[in-house]
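**Q** I would like the atomic coordinates for the input below:
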Amino acid sequence: MKFIYGLVYQMDRTMQFLYLFFVSALFILAILHHFLKKHLKIWSVLCLMPLVFFSAFLIKESYRGDMELTICRYAALGIVALFIAVWGLTVLLKRSFLRCTVATFTASILMIFISVITVWAVWNRPNVSNYSHVGWTESFEGAVDTMEQYYVLNNWKDIDYDKIREDYIPKIRDAEKRNDEIAYVTALFEFVYEFGDGHVRVRGNKAKIDAAMTKYAGKDYGFSMFRTEDGDIVAILVNEESECFKKGIHEGTIITKWNGVPVNQASARVKCIDDNYSFQTRDNIFIAQPIFLAGLGGDRLSVGFIDDEGHEETAILEGRGDYINRRNEALAILFGDKVIRGDNYSTRMIDDNIGYLRVYEEAYSTSPMFVASSVVNGFSEKMYKDLDSRLSEMRSKGMDRIIIDVRNNQGGNGFESRTIASLFTSTPLPYNISIYKDGDYKVLLRSKSENRAKYNDIPIVVLVNGETCSAGEEIVHYLKGSRGVTVMGNTTTWGNCQGTGGSVVLSGSKYDICFPINPTVDDSNIPIVDTKANRVCRLKLDYEITYSKEEIIDFFANPNEDKVLEEAVEYIKGK
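**A** Below you'll find the model as predicted:
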């Protein structure tokens with residue numbers, strides 16, 4: 001019951017009211033039947049009232065422009081209204097009141113339970129505020145108010161909502177006044193970037209979002225940039241047909257100034273805002289800033305660089321076309337989008353004695369019953385036995401060390417993270433069912449996983465990158481510091497793993513802002529991974545892969561080679 005209470009508590013007021021309304025309607029109608037036995041027609045008509053109310057609710061509260069969302073969220077409760085209507089009709093037809101009542105109560109309560117689980121486990125949008133019927137500015141103001149009330153990391157990150165209102169409401173108001181949707185979308189993305197939380201994101205009209213991100217990325221000058229391990233910023237992905245190449249900027253050329261400003265200083269000012277990639281930790285922002293800076297110079301860019309003879313030169317470059325494609329190419333190579341392969345939960349032998357486990361999403365099964373039962377237990381016995389069987393088979397073939405690859409992991413269910421980690425660490429893993437209440441975290445239920453690790457006696461490398469997020473980071477959190485475990489990557493993890501579920505539907509249902517509402521905390525009631533306001537990563541790498549100038553040239557010139565995995569293999573061979 002505590003578990004169900006915790007789920008319902010975190011839902012929005014509308015959902016809570018509807019659950020209360022239908023449960024109350026069942027009991028009130030059952031009581032009224034006692035007083036209206038001689039007036040069953042009146043009682044039957046009263047049984048139609050929940051259906052009438054629900055129909056009126058759909059008409060009034062329908063998400064403007066998004067009937068699918070309305071149906072997904074409330075369909076189960078509409079079925080309960082039908083159950084109640086049929087209850088009144090069958091009793092009127094002289095059926096047994098007791099049997100019909102038991103059947104109606106059983107079916108209705110089951111449907112309400114399914115509604116709670118489905119909204120959480122399948123749709124992942126339990127707390128939705130609906131501002132679809134008002135304009136851009138009013139809906140945005142509602143979004144800020146909603147997040148100030150429900151966002152689970154308000155205190156942890158010291159979110160200054162007064163400053164947010166001061167900075168962003170004028171931008172939204174100006175965009176609405178000019179009917180400039182691109183400026184509106186850009187302001188939304190700048191707003192969510194303030195939170196340093198990848199779970200706080202904008203969703204909506206893909207074409208407009210792409211247009212806003214393209215404009216925000218800036219102009220293409222024929223190259224991108226990356227930082228060496230020595231701190232120099234060098235040119236990468238240089239177009240040999242471009243003006244910059246003809247003026248002396250080649251692969252690996254050291255860039256010194258950007259429109260007259262030292263390039264490192266100019267880089268430090270850049271916000272890494274993108275729809276496809278998310279930058280939350282200070283470490284990852286520092287790595288990505290040169291890539292983002294490379295498009296931000298205006299129509300004409302003055303760029304200082306060290307030429308092939310070692311002299312500092314200055315070139316004036318015209319921005320030709322959009323930079324977004326070159327930027328996306330650089331980010332895709334950095335995060336190994338083309339080379340990180342393997343089906344989810346796939347296992348194989350990389351070498352005679354090196355095993356490999358690939359996890360790109362904690363979604364072993366999407367069955368609502370599997371998810372519901374596993375969430376309650378905080379563990380999946382079925383999943384544990386399957387992975388154990390495959391790991392045992394690899395061990396029989398000579399595996400005496402393993403690489404667990406959670407790069408580009410898109411997150412999922414926390415119980416799967418605990419299940420995976422329990423195979424490799426002997427440390428009992430906490431499972432706390434919590435809620436966010438009055439600015440604090442209230443733990444409803446505490447438990448720990450069984451101590452039954454079978455593979456904690458071998459060297460383990462956990463491969464991560466800046467797209468390792470949420471439940472994927474939980475795996476890293478549970479394994480980091482364990483005997484024989486090395487966390488390795490060329491970027492840190494995301495830095496966010498609180499449970500999702502909050503959503504604000506903005507004007508016309510064209511966009512919504514999602515945010516986490518469900519606490520994931522340790523035994524001290526502290527968020528387990530998430531960065532604070534300073535964005536310092538709390539899952540530090542044990543082995544950070546950095547690059548010399550020559551290695552950067554090679555890395556970006558060979559996007560179809562998984563050089564990060566190659567380095568991990570060489571490292572673990574020596575363990």
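
**Q** could you say which helix or strand contains Val443?
**A** Secondary structure from DSSP states H and E places Val443 in strand 440-448.

**Q** mind listing what the most centrally placed residue in the chain touches?
**A** Taking CA atoms, centre = their mean as the criterion, His199 is the residue nearest the geometric centre of the chain, at 4.2 Å. Shown in contact with His199 (CB atoms under 8 Å, 6 or more residues apart in numbering): 470, 496, 498, 500, 514-516. In this view, the C-beta of every residue, glycine as well, is placed from N, C-alpha and C.

**Q** Show me which of those is closest to Ile553.
**A** Comparing these against Ile553 with CB to CB places Asn496 closest, at 32.7 Å.

**Q** is it possible to export the contacts of His199 to TSV including neighbour count?
**A** Shown next, in TSV, are these (neighbours: other CB atoms under 10 Å):
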residue	neighbour count
Ser470	27
Asn496	26
Gln498	25
Thr500	23
Cys514	19
Phe515	24
Pro516	26
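
**Q** Just the residues you listed: which are in helices?
**A** Among those, no member falls in helices (criterion: DSSP state H).

**Q** Relative to Val144, how far out is the residue nearest to the centre of the chain?
**A** 17 Å (CB to CB, to the nearest Å).

**Q** mind checking how far stretch 537-547 is from the chain centre?
**A** For stretch 537-547, the gap between its own C-alpha mean and the chain's C-alpha mean amounts to 21 Å (CA atoms, centre = their mean, to the nearest Å).

**Q** And stretch 551-571, by the same measure?
**A** 27 Å.

**Q** Could the C-alpha coordinates of it be exported in PDB?
**A** In PDB, the C-alpha atoms belonging to stretch 551-571 read as follows (Å, rounded to 0.1, in the frame of the first residue of the first chain):
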ATOM      1  CA  GLU A 551      45.500  11.000 -31.500                       C
ATOM      2  CA  ILE A 552      42.700  13.600 -32.100                       C
ATOM      3  CA  ILE A 553      43.500  13.600 -35.800                       C
ATOM      4  CA  ASP A 554      43.400   9.800 -35.900                       C
ATOM      5  CA  PHE A 555      40.300   9.600 -33.800                       C
ATOM      6  CA  PHE A 556      38.100  11.900 -35.900                       C
ATOM      7  CA  ALA A 557      39.600  10.600 -39.200                       C
ATOM      8  CA  ASN A 558      38.400   7.100 -38.400                       C
ATOM      9  CA  PRO A 559      34.800   7.300 -37.300                       C
ATOM     10  CA  ASN A 560      34.200   3.600 -38.100                       C
ATOM     11  CA  GLU A 561      36.700   2.300 -35.500                       C
ATOM     12  CA  ASP A 562      35.800   1.900 -31.900                       C
ATOM     13  CA  LYS A 563      39.000   3.200 -30.500                       C
ATOM     14  CA  VAL A 564      37.500   3.600 -27.000                       C
ATOM     15  CA  LEU A 565      36.700  -0.100 -26.800                       C
ATOM     16  CA  GLU A 566      40.200  -0.900 -28.200                       C
ATOM     17  CA  GLU A 567      41.800   1.100 -25.400                       C
ATOM     18  CA  ALA A 568      39.600  -0.700 -22.800                       C
ATOM     19  CA  VAL A 569      40.600  -4.100 -24.200                       C
ATOM     20  CA  GLU A 570      44.300  -3.100 -24.000                       C
ATOM     21  CA  TYR A 571      43.800  -1.800 -20.400                       C
END
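
**Q** what comes up buried for it?
**A** For stretch 551-571, burial by neighbour count (16 or more other CB atoms under 10 Å) applies to 552-553, 555-556, 559, 562-565, 567-569, 571.

**Q** Looking at those residues, which is nearest Glu393?
**A** Among those, Val569 lies closest to Glu393 (CB to CB), at 20.4 Å.

**Q** residues making contact with the host helix or strand of the closest one?
**A** Element membership for Val569 (DSSP H and E) is helix 563-573. Here helix 563-573 makes contact (CB under 8 Å, 6+ apart) with 336, 339-340, 350-351, 354, 401, 403, 405, 407, 459, 461, 463, 465, 486, 488-490, 543, 545, 554-555.

**Q** let's see it at 6 Å
**A** 401, 403, 459, 461, 463, 488, 490, 545, 555 (CB atoms under 6 Å, 6 or more residues apart in numbering).

**Q** with those in mind, which one is nearest to Val536?
**A** Nearest to Val536 out of the contacts of helix 563-573 is Asn490 (CB to CB; 18.4 Å).

**Q** for the lengthiest helix in the chain, packing partners?
**A** Longest helix in the chain by number of residues, with DSSP H as the criterion: helix 67-92. Contacting helix 67-92 under the criterion 3 or more CB pairs under 6 Å, 6 or more residues apart in numbering; DSSP states H and E are the following elements: helix 40-61, helix 97-118.

**Q** and Pro428, which of those helices is closest to it?
**A** In terms of CB to CB, the element of the helices and strands packed on helix 67-92 nearest to Pro428 is helix 97-118, at 27.2 Å.

**Q** CA atoms only for the closest one, dumped as CSV, please.
**A** Output of helix 97-118 as CSV, limited to C-alpha atoms (Å, rounded to 0.1, in the frame of the first residue of the first chain):
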residue,chain,number,x,y,z
PHE,A,97,-27.3,-6.7,-6.3
LEU,A,98,-24.6,-8.5,-4.3
ARG,A,99,-23.1,-10.4,-7.2
CYS,A,100,-23.2,-7.3,-9.5
THR,A,101,-21.7,-5.1,-6.8
VAL,A,102,-18.8,-7.5,-6.0
ALA,A,103,-18.1,-7.9,-9.8
THR,A,104,-18.2,-4.1,-10.3
PHE,A,105,-16.0,-3.3,-7.3
THR,A,106,-13.5,-6.0,-8.3
ALA,A,107,-13.3,-4.9,-11.9
SER,A,108,-13.2,-1.2,-11.1
ILE,A,109,-10.5,-1.4,-8.5
LEU,A,110,-8.4,-3.6,-10.8
MET,A,111,-8.8,-1.1,-13.6
ILE,A,112,-7.8,1.7,-11.3
PHE,A,113,-4.7,-0.2,-10.3
ILE,A,114,-3.9,-1.0,-13.9
SER,A,115,-4.3,2.8,-14.6
VAL,A,116,-1.8,3.7,-11.9
ILE,A,117,0.7,1.1,-13.1
THR,A,118,0.2,1.9,-16.8
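
**Q** export the following helix or strand past it as PDB, just CAs?
**A** Toward the C-terminus, helix 97-118 is succeeded by strand 127-130 as the next helix or strand (DSSP H and E). What follows is strand 127-130 as a C-alpha-only set of coordinates in PDB (Å, rounded to 0.1, in the frame of the first residue of the first chain):
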ATOM      1  CA  ASN A 127       2.200  14.200 -13.300                       C
ATOM      2  CA  VAL A 128       1.000  16.300 -16.200                       C
ATOM      3  CA  SER A 129       0.000  20.000 -16.000                       C
ATOM      4  CA  ASN A 130      -2.200  21.100 -18.900                       C
END
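
**Q** Give me the residues contacting strand 127-130.
**A** 10-12, 63, 146, 150, 501-505, 517.

**Q** Apply 7 Å and report the result again.
**A** 10-12, 61, 63, 73, 142, 146, 150, 501-505, 517 (CB atoms under 7 Å, 6 or more residues apart in numbering).

**Q** now, which of the residues you listed lie within helices?
**A** Among the contacts of strand 127-130, the members falling in helices (DSSP H) are 61, 73, 142, 146, 150.

**Q** From the chain's centre, how far out is the strand holding Val443? Work that out for me.
**A** With CA atoms, centre = their mean as the basis, strand 440-448 stands 22 Å off its chain's centre.

**Q** Check stretch 509-518 too.
**A** With CA atoms, centre = their mean, you get 11 Å for stretch 509-518.
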